[in-house]
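Enquirer: Test case, fold it:
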Amino acid sequence: MSFFKKIFKKIIHDKSDDDSDGHERKAPVKPYHGTVTPHPNFNPNADAAALRKAIESRDVDEATLMEVLVRRSNSQRQQIKAVYQQDTREPLEEAIKSALRSDFEDVVMALLMTPGQYDAYELKHAMKGLGTCEDVLIEILVSRSNHEIKEIKKVFKEAYDEELEEDIKNDTSGDFLTTLLALCQALYDAGEKQRGTDTSVFIDIFTSRSGPQLHKILSLYSKYSEEGLAEAVQDELKGDTEDCFMQLVKCAWNTPAYFAEKLHLAMKGFGTNSETLTRIIVSRSEVDLKKILKEYKRIYGRTLQEDILAETKGDFEKILLELCGDN
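Expert: Below is the predicted model of the structure:
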């Protein structure tokens with residue numbers, strides 16, 4: 001365990017050296033890697049009217065629903081929702097629920113939520129009823145930023161009148177619970193808050209360091225240790241806690257590859273996990289889906305779109321392909 005502490009001290013030292021000149025460093029403008037972009041000629045009134053017509057037609061016009069919702073950014077969809085409710089006195093979500101069914105409905109409903117609402121919904125759904133879908137809890141909490149986790153907690157409280165941490169306490173236990181609660185503290189800015197001495201070094205370091213810092217830890221570990229980090233995690237941790245840390249490591253090392261693997265596993269073998277496909281493709285469509293598509297092709301030798309065509313069908317297939325953009 002002391003090995004991790006030594007590496008962390010080196011990272012803090014390097015960070016101090018980087019900032020020693022006293023100059024404020026401006027963050028570079030980040031390139032955009034999403035597949036969904038704002039519509040240049042956006043008109044929420046026209047879009048709301050088009051959706052109303054599509055929903056109220058004798059046979060629901062799914063093509064128009066896809067054309068409008070996929071080709072608008074999330075912020076634009078929120079404006080469309082507001083106009084639709086103002087014009088019809090009915091929430092757009094309720095109209096969609098009465099008109100659609102199956103996996104296609106799930107994608108459309110996901111597109112109508114804000115990112116924070118969708119993450120909160122998925123977390124609640126993962127802990128609802130008998131049993132807990134640990135993989136969903138891990139995926140969301142290890143891959144979201146400090147700001148995003150704070151927003152999820154805020155929305156979760158507003159939507160369900162419950163604290164996210166309390167729900168997690170009721171559905172998990174042991175070191176896995178400790179890890180998830182640490183992630184919920186939104187500590188992805190190093191030094192924001194001191195960790196307690198009763199928390200293990202693994203949980204301390206891996207839940208309170210930024211993505212770049214974790215990436216540097218992994219690089220240094222491979223230089224100074226003959227044992228791989230994966231083996232170290234397996235030696236120290238078991239069960240859901242081990243799985244959580246392995247996903248933390250994968251996500252910190254290469255986030256697009258992490259999601260590419262999860263998408264691949266969702267379509268591997270008998271049956272397709274449509275919920276995972278929907279969650280990842282929708283939630284990353286305005287973040288890094290282009291990079292995920294690139295990693296998918298690099299790792300598996302074929303495009304994500306090819307596998308979607310092979311494993312899904314109907315309007316569900318069409319809307320996923322639309323969200324993925326050009327092949």
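Enquirer: can you count the residues close to Ser75?
Expert: Close neighbours of Ser75, defined as other C-beta atoms under 10 Å, add up to 11. Using the backbone N, CA and C atoms, a C-beta is placed for each residue, glycine as well.
Enquirer: Secondary structure element holding it?
Expert: Using DSSP states H and E, Ser75 sits in helix 74-88.
Enquirer: Could you do Lys157 as well?
Expert: Using DSSP H and E, Lys157 sits in helix 146-160.
Enquirer: Give me the helices and strands touching that helix, please.
Expert: Using 3 or more C-beta pairs under 8 Å, 6 or more residues apart in numbering; DSSP states H and E, the elements in contact with helix 146-160 are helix 115-126, helix 164-171, helix 174-184.
Enquirer: For these, could you give me TSV that also reports mean neighbour count, mean pLDDT and distance to Met66?
Expert: Shown next, in TSV, are the helices and strands packed on helix 146-160 (neighbours: other C-beta atoms under 10 Å; pLDDT from 0 to 100; distance: least, C-beta to C-beta, whole Å):
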stretch	mean neighbour count	mean pLDDT	distance to Met66
helix 115-126	20	97	18
helix 164-171	16	94	32
helix 174-184	20	85	34
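Enquirer: Give the closest residue to Val36 in space, chain neighbours not counted.
Expert: Closest residue to Val36 apart from its sequence neighbours, by C-beta to C-beta, 6 or more residues apart in numbering: Ser285 at 4.4 Å.
Enquirer: ok, the one you found touching Glu322?
Expert: No - contact between Ser285 and Glu322 fails when scored by C-beta atoms under 8 Å: they sit 9.8 Å apart.
Enquirer: More neighbours: which of the two?
Expert: Between Ser285 and Glu322, counting by other C-beta under 10 Å, Ser285 is the more crowded of the two (24 against 17).
Enquirer: Quick check: that one vs Tyr118, distance?
Expert: As judged by C-beta to C-beta, to the nearest Å, Ser285 and Tyr118 stand 11 Å apart.
Enquirer: Asp315 contacts Glu105, doesn't it?
Expert: No - using C-beta under 8 Å, Asp315 makes no contact with Glu105, being 9.2 Å away.
Enquirer: and these two? which has more neighbours close in?
Expert: Asp315 (21 against 15).
Enquirer: dump the residue contacts of the more buried one.
Expert: Residues near Asp315 by C-beta atoms under 8 Å, 6 or more residues apart in numbering: Glu62, Met66, Phe104.
Enquirer: Let's see that with 6 Å instead.
Expert: Contact analysis of Asp315 by C-beta atoms under 6 Å, 6 or more residues apart in numbering lists Glu62, Phe104.
Enquirer: so which helix or strand takes in it?
Expert: Using DSSP H and E, Asp315 sits within helix 314-324.
Enquirer: quick one: average confidence on that helix?
Expert: For helix 314-324, the mean per-residue pLDDT is 97.
Enquirer: which parts of it are buried?
Expert: Asp315, Phe316, Glu317, Lys318, Ile319, Leu320, Leu321, Glu322, Leu323, Cys324 (16 or more other C-beta atoms under 10 Å).
Enquirer: Please report how far the fourth one lies from Ser283.
Expert: Read it as Lys318. 19 Å.
Enquirer: still on that earlier bit, return the closest of the buried residues of helix 314-324 with respect to Tyr300.
Expert: Closest approach between those and Tyr300, by C-beta to C-beta: Cys324, at 14.6 Å.
Enquirer: Contact partners for the closest one?
Expert: Thr35, Gln305.
Enquirer: Using a markdown table, lay out the helices and strands packed on helix 146-160 together with distance to Lys291.
Expert: Output for the helices and strands packed on helix 146-160, formatted as a markdown table (distance: least, C-beta to C-beta, whole Å):
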| stretch | distance to Lys291 |
| --- | --- |
| helix 115-126 | 17 |
| helix 164-171 | 28 |
| helix 174-184 | 23 |
